[in-house]
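Novice: what shape does this take:
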Amino acid sequence: MKSITKPTLLIQPAISHRNIQRMIQKAKDSNSELRPHFKTHQSLAIGKWFKNYNIHKIAVSSVEMAEFFAKDGWNDITIAFPLNPNEITQINRLAEENQIHLTLLNEESIHFLNHNLSNRVGVFIKIDTGYKGSGVSYNQESFIQKMIDQIQESKKMELKGFISHAGHTYKTSSKEEILKIHQEENTNLNKLKYSLGNLPPDFILSTGDTPSCSIAEDFRTIDEMRPGNFVFYDVQQAELGSCSLSDIAICLACPVIAKYKERNEMVVHGGAIHFSKEFLIKDNQQIFGYTVELTDSGWKITEENGILTKLSQEHGTLKVPEYFFDKYDVGDFIGILPIHSCLTANLMGQYMDPGGYWYDHFAGTIKG
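Specialist: Alright, predicted model coming up:
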């Protein structure tokens, strides 16, 4: 790590490739299609890995991100975030040369698109299957049918299907709870689909939370899997049971700036502006990350983790085992696995692999 001088987000490409291969195989086993959500890695270089696995359809979380990836040849893109009418100019520009699919929540969006679209787009109706976030509740059948009929009458929109996100899997405490939510989501979507009329023959059911896509095995009643976090995973996913710590593909290298022997604590340069303020509660302790030992080839998991217990804007406090404390001096770098890789990657804006190669990131283009 002699080439770095400040907090640096490291990536182990081999781990990401393994995660990608595993998810592709899971989709194939269920005869489902994988449309990976690129909101986690947000990188053109990493996007090319997916192309090498013959993946050509993606999801993104914003119109701006869709523009970013469209410039690199991705031309079948679902914007898996509800329509913002103020971005119609960008949407029309994107739809001139690309297959763009929008996410709708209400009749107002349908009317707006009918009057303002200049190019035909695909649309998904977002269904809330129990999360109670954004989306039309799955039990509002008459309202959903009305939306379907209005879309089908439009010459500017093509109804693609239902899209959902079971975000409440992130609040569970066991694999059994995640599997239950997964089954409820599938059941609710399929019951809704078969209770309605005026649907196209290739109507798609698209779901996408990483816990369900990692833990569940049966996706035969789902047409499209849309996870994103799996490309890196993180400590939150490991605690949920979606992965092991060895499946986490990114790590923040932070320099030690102070040591306090009397309390076995170290202070590192690595704070909320690097990790975000996301945390877990475990054994009545706030946890912002786990320590790993940096190596020439990346990092390795230690038998006993040090814990990132406090964050300020630039600083982080580590509670570490005694043997770990004695191994490091001020100025040395410690690796920390993030709680939420999506947010950490977005804040850092780029990655470096063990060979010193830097990977681009969408957030880096915004900051730069």
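Novice: and residue 74, that's in a strand?
Specialist: No. Using DSSP: H, G, I helix; E, B strand; the rest coil, the assignment for residue 74 is coil, not a strand.
Novice: run through the helices of the stretch 101-250 of the chain in chain order.
Specialist: Counting by DSSP state H, counting those that start in this stretch, residue ranges of the helices within the stretch 101-250 of the chain are 107-116, 141-153, 175-195, 210-215, 235-240.
Novice: so which of these is the most surrounded?
Specialist: Mean neighbour counts were compared across the helices of the stretch 101-250 of the chain using mean count of other CB atoms under 10 Å; the top stretch is helix 210-215, at a mean of 25. Just so you know, the C-beta spots here come from the backbone N, C-alpha and C atoms, and that holds for glycine as well.
Novice: contacting residues for the closest residue in space to residue 241 that isn't next to it in sequence?
Specialist: For residue 241, ignoring the flanking residues on the chain, the nearest one in space by CB to CB, 6 or more residues apart in numbering is residue 175 at 4.6 Å. Contacts of residue 175 were listed using CB atoms under 8 Å, 6 or more residues apart in numbering, and they are 215, 240, 241.
Novice: can I get the residues you listed in TSV including pLDDT and distance to residue 266?
Specialist: Formatted as TSV, those follow (pLDDT from 0 to 100; distance: CB to CB, whole Å):
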residue	pLDDT	distance to residue 266
215	97	34
240	96	28
241	96	29
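Novice: looking at the residues you listed, spot the one nearest residue 341.
Specialist: residue 240 (13.2 Å; CB to CB).
Novice: shouldn't that closest one be in contact with residue 170?
Specialist: Yes. Counting by CB atoms under 8 Å, a contact exists between residue 240 and residue 170, whose distance comes to 7.1 Å.
Novice: okay, and the common contacts of the two?
Specialist: Any residue near both residue 240 and residue 170 by CB under 8 Å, 6+ apart counts here, and that gives residue 211.
Novice: residue 78 and residue 99 touch, don't they?
Specialist: No. Counting by CB under 8 Å, no contact exists between residue 78 and residue 99, whose distance comes to 9.2 Å.
Novice: these two: which has the busier surroundings?
Specialist: Comparing residue 78 with residue 99 by neighbour count (other CB atoms under 10 Å), the higher total belongs to residue 78, at 27 against 17.
Novice: the more buried one: helix or strand, and which one exactly?
Specialist: Assessed by DSSP states H and E, residue 78 sits inside strand 76-82.
Novice: in the next helix or strand after that strand, which residues are buried?
Specialist: Scanning the chain past strand 76-82 towards its C-terminal end, the next helix or strand to appear is helix 88-95 (assignment: DSSP H and E). Taking 16 or more other CB atoms under 10 Å as the neighbour-count basis, helix 88-95 is seen to contain the buried residues 88, 91, 93, 94, 95.
Novice: give the contact list for the closest residue in space to residue 128 that isn't next to it in sequence.
Specialist: On the basis of CB to CB, 6+ apart, the spatially nearest residue to residue 128 that is not a chain neighbour turns out to be residue 135, at 3.4 Å. Residue 135 sits next to 105, 126, 127, 128, 129, 164, 165 when contact means CB under 8 Å, 6+ apart.
Novice: residue 268: which of the residues you listed is nearest?
Specialist: Ranked by distance to residue 268 (CB to CB), these are led by residue 165 at 33.8 Å.
Novice: pretty sure the closest one contacts residue 130?
Specialist: No. Shown here, residue 165 and residue 130 do not form a contact pair, counting by CB under 8 Å, at 10.8 Å.
Novice: which one's more surrounded, the two?
Specialist: Higher neighbour count among residue 165 and residue 130: residue 165, with 24 against 16, using other CB under 10 Å.
Novice: contacting residues for the more buried one?
Specialist: Contacts of residue 165 (CB under 8 Å, 6+ apart): 80, 131, 133, 135, 207, 208, 209, 226.
Novice: could you dump the contacts of residue 135 into CSV and include pLDDT and distance to residue 179?
Specialist: As requested, the contacts of residue 135 are arranged in CSV below (pLDDT from 0 to 100; distance: CB to CB, whole Å):
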residue, pLDDT, distance to residue 179
105, 97, 28
126, 97, 23
127, 97, 20
128, 95, 20
129, 92, 14
164, 96, 16
165, 94, 17
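Novice: for those, work out which two are farthest apart.
Specialist: The two members of the contacts of residue 135 with the most space between them (CB to CB) are 105 and 129, at 14.2 Å.
Novice: okay, the two: which has more neighbours?
Specialist: Neighbour tally, residue 105 and residue 129, criterion other CB under 10 Å: the higher count belongs to residue 129, 23 against 17.
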